[in-house]
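K.L.:
give me a 3D structure for the following:
(2 chains)
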Amino acid sequence: MVFYIFRRFVNYFFLSMIATCLAYIVSSLALDPAAKYYGRNPQPSQQTIENILNGLGVNPDVPVLQRLWDWLVNIVVHGSLGTGVNGVSIGDQIISRAGVSLRLLLIGSLIGAIVGVTLGVWGAVRQYKLSDQVVTYGSYLIFATPTFVIGVLLMIGATALNGAAGMQLITFTGEYSAGLTGSWGELALDRGIHLLLPTIALVLIGAAGYSRYQRSVMLDVLSADFIRTARAKGRSRNSALVRHGVRVALIPMSTFFAYSFGTLVSGSIMLEIVFSFHGMGEFALNAISQNDINAVAGTTLFVAILILFSSTLSEVLYAALDPRVRN
Amino acid sequence: MSLVEETNAELGTPLVPLLPGSPNAPLARPDRPRSRGRLIWRRLTQTSRFWVGAIAIAVILAWALLGPVLYPFDAIERDPLNMGLGPTQLHWFGTNGIGQDLYAQTLVGLQKSLVIGLIAGPLGTMIAAVVGSVAGYLGGAVDRVLVWCINLLLVLPSFILLVILSPLFKGLSWVFLTVFIAGFSWMIMAQVVRSQTRSLRDRDFVKASRYMGVPMHRILGRHIIPNVASLLIIDATLGVVAAILAETSLSYFGFGIRAPDVSLGTLLAEGTSAAVTRPWMFVFPAGVLILTLFAVSLIGDALRDAVDPTSGVNRD
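P.N.:
Just a heads-up that it's a prediction; the model follows:
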């Protein structure tokens, strides 16, 4: 089993590294780091611009592959992702922002997966009942709604709620209230409340996808013979459903987790921007608008590592659930 | 009723041979069994979801086309007497801060978003059909390279790739945006088509054509693609939803449609800043967008059930 997971990890590792390199090349071709300096008044001399660009390692006159090689060597030798156009190390900027993004992404996708799987099993067991129909059409409605619209609608709802309550029940702009002082607990509560709306949005998106998939897999399993056998042996209905049904239905789900994680990553990036979090989403947005090649490459590396870990995790889950893989 | 019985009954072949003159004998037998296409069509037209979705989308299309003609204001004209007003009898969806009519703007944005979705969705499916069938049919090294490329494109979320590429289509028209969206939405379907093709490749009718010397492109076009057509139709339908979602999201964050072009995404971006104080600027375009996408996904889902009755909601 360890060998199997290791092999999959190596496979994903190479895929994500090559994807990052391609993203570096594409962003080098698409972005024009010199544009900002030519637009300045007074315009810096050609030599100054060249020096700045060379210092950042983004001079368009140097061949792209040469720059990519330098970038990679810099990562391996110095552990550095280069410097952004604002002169701050990309690695430091990512470290200070990654926590904000990871907090939202991990909490949201975990709760989303649990809620989705539960709703899917419930819908399969109660097929065609009213509750099943409500969940089904609810998830279609969420599929038909862009992520940012869910975020803004939640904001409008929270504002209405605050207005009805006559006080700031739910605060939602930024990660925390600026200038708030108090005990550690009060600050944590403040951050928790700010995290509430984007997390709800991410949970809705995740749960909509997972519940549809889980329901359809679970329906396949429910009509399988081994469930009837388990019942005939004298297992209770719930025990047969959970021990034999859900466990088997989770096997194809584990692959689906890996596939859908990318959707959740881009969803959480959009939500960060909507809720003005200072996370990786804002970082990527600024990087594109400032033509910062190193920052774009750093962002894609960050996303690729996330995908790498989630894919490997789903393989671990797969191997843990399916005994056939282990041998 | 199991699938086999249902299919047989629908094909018009009774399970028990009926004796002539027996009370159960049908009055008129169908001349020939129904084709798969007609079977799917019959199952499709029996689901209420299909009709709800189809009628809704027909109404929305007609509205997007005829609406602007039947309305006195256009999307650019400013009404200085009614700036930042909510919905009134004069301005049905209200006006924005500089007095432009939101009903007219929503219709123009809807047109643009629909055009992009209706082109990019089927275009992505076409790419998937070509790449998937070629990879599955040829096998070997070509297959491995194509599968590897698909996996590579799947590693990074397509939204992030489109954002990175956005400076390339910054100064270009919306047509390029459409092509880019299609270019990043075919990977999963290509994998499905590939695995279907691999099983079709060894069927006798494909082997026979191959040994008769029929060239590959004709085998793919005549035998392989028609056999996965139902999957492709579903994918093209749901692809419209995915493409409109991609377009509105990109435009919302400033990477897609740019001024002076208007799409539902740019309208929503304008509406967001005023979402709390002037909710009509956000709620109406958002409602139209959600309604459109919901209608299309109902059709796509009904199609999926009609093609594969063991999937999704209508399962027995």
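
K.L.:
ok, the closest residue to chain A within the stretch 201-316 of chain B - contacts?
P.N.:
Here the stretch 201-316 of chain B gets closest to chain A at one residue, B:L293, 3.6 Å apart by Cβ to the nearest Cβ. Just so you know, the C-beta spots here come from the backbone N, C-alpha and C atoms, and that holds for glycine as well. Going by Cβ atoms under 8 Å, 6 or more residues apart in numbering or on different chains, B:L293 touches A:F143, A:A144, A:T145, B:V241, B:I244, B:L245.

K.L.:
what's the local residue count around the closest residue to A:F9 other than its chain neighbours?
P.N.:
Sequence neighbours aside, A:T312 is the residue nearest to A:F9 in space, at 4.9 Å (criterion: Cβ to Cβ, 6 or more residues apart in numbering or on different chains). Residues lying near A:T312 (other Cβ atoms under 10 Å in any protein chain shown) number 19.

K.L.:
what of A:T159?
P.N.:
As a burial measure, A:T159 scores 16 neighbours (other Cβ under 10 Å).

K.L.:
give the residue spans of the stretch 1-150 of chain B that score low on pLDDT.
P.N.:
By pLDDT under 70, the low-scoring segments of the stretch 1-150 of chain B are B:1-34, B:83-84, B:86, B:99.

K.L.:
quick one on the thing from earlier: among the contacts of B:L293, which one has the most neighbours?
P.N.:
Within the contacts of B:L293, neighbour counts (other Cβ under 10 Å) peak at B:I244, which reaches 28 neighbours.

K.L.:
am I right that B:P87 is in contact with B:W280?
P.N.:
Yes - the pair B:P87 / B:W280 is scored as a contact, 5.8 Å apart, by Cβ atoms under 8 Å.

K.L.:
of those two, who's got more company?
P.N.:
With neighbours defined as other Cβ under 10 Å, B:P87 and B:W280 compare such that B:W280 has more, 21 against 15.

K.L.:
what parts of the stretch 51-200 of chain B come near chain A?
P.N.:
Counting by Cβ under 8 Å from any Cβ of the partner chain, the residues of the stretch 51-200 of chain B close to chain A are B:151-152, B:154-161, B:163-168, B:188.

K.L.:
which strand or helix spans residue 250?
P.N.:
You didn't pick a chain, so chain A it is. Per DSSP states H and E: A:L250 is located in helix A:247-274.

K.L.:
I was after chain B.
P.N.:
Assessed by DSSP H and E, B:L250 sits inside helix B:229-252.

K.L.:
how far off helix A:247-274 does that helix point, in degrees?
P.N.:
30 degrees (axes from the mean of the first three to the mean of the last three Cα atoms, to 10 degrees).

K.L.:
how about whichever helix or strand comes after helix B:229-252 and chain A, any contact?
P.N.:
Going down the chain from helix B:229-252, the next helix or strand is helix B:264-273, by DSSP H and E. Yes - among the residues of helix B:264-273, B:L268, B:T272 lie within reach of chain A under Cβ under 8 Å from any Cβ.

K.L.:
which parts of helix B:264-273 are buried?
P.N.:
Using 16 or more other Cβ atoms under 10 Å in any protein chain shown as the burial criterion, the residues of helix B:264-273 that qualify are B:L264, B:G265, B:T266, B:L267, B:L268, B:A269, B:E270, B:G271, B:T272.

K.L.:
quick one: the strands in the stretch 151-300 of chain A, in order.
P.N.:
Using DSSP state E, counting those that start in this stretch, the stretch 151-300 of chain A contains no strands.

K.L.:
about what we covered before: tell me what the helix holding B:L250 is packed against?
P.N.:
Contacts defined by 3 or more Cβ pairs under 8 Å, 6 or more residues apart in numbering or on different chains; DSSP states H and E place helix B:229-252 against helix A:147-165, helix B:102-138, helix B:158-165, helix B:174-183, helix B:187-201, helix B:264-273, helix B:280-307.

K.L.:
reformat these as a markdown table; add distance to A:A98.
P.N.:
Output for the helices and strands packed on helix B:229-252, formatted as a markdown table (distance: least, Cβ to Cβ, whole Å):
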| stretch | distance to A:A98 |
| --- | --- |
| helix A:147-165 | 20 |
| helix B:102-138 | 32 |
| helix B:158-165 | 16 |
| helix B:174-183 | 28 |
| helix B:187-201 | 27 |
| helix B:264-273 | 26 |
| helix B:280-307 | 31 |
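
K.L.:
one step back: so which helix or strand takes in the residue nearest to A:F9?
P.N.:
helix A:293-321.

K.L.:
please identify the buried residues of that helix?
P.N.:
A:293-304, A:306-308, A:310-312, A:314-319, A:321.

K.L.:
for A:L196, what are its contacts?
P.N.:
The contact partners of A:L196, taken as Cβ under 8 Å, 6+ apart, are A:I170, A:F172.

K.L.:
are there residues contacting both of B:P87 and B:W280? Which ones?
P.N.:
B:F93, B:G94.

K.L.:
which residues touch the closest residue to A:M280 other than its chain neighbours?
P.N.:
Using Cβ to Cβ, 6+ apart and skipping the chain neighbours, the partner closest in space to A:M280 is A:S101 (4.3 Å). If you count contacts by Cβ under 8 Å, 6+ apart, A:S101 has them with A:S268, A:I269, A:E272, A:F277, A:G279, A:M280, A:G281.

K.L.:
equivalent analysis for B:L289, please.
P.N.:
Residues in contact with B:L289, defined by Cβ under 8 Å, 6+ apart, are A:P146, A:V149, B:L110, B:S113, B:I244, B:T248, B:L264, B:L268.

K.L.:
what pLDDT is listed against the residue nearest the centre of chain A?
P.N.:
Geometric centre of chain A, nearest residue: A:V265, 2.1 Å, by Cα atoms, centre = their mean. Among the per-residue scores, A:V265 holds a pLDDT of 87.
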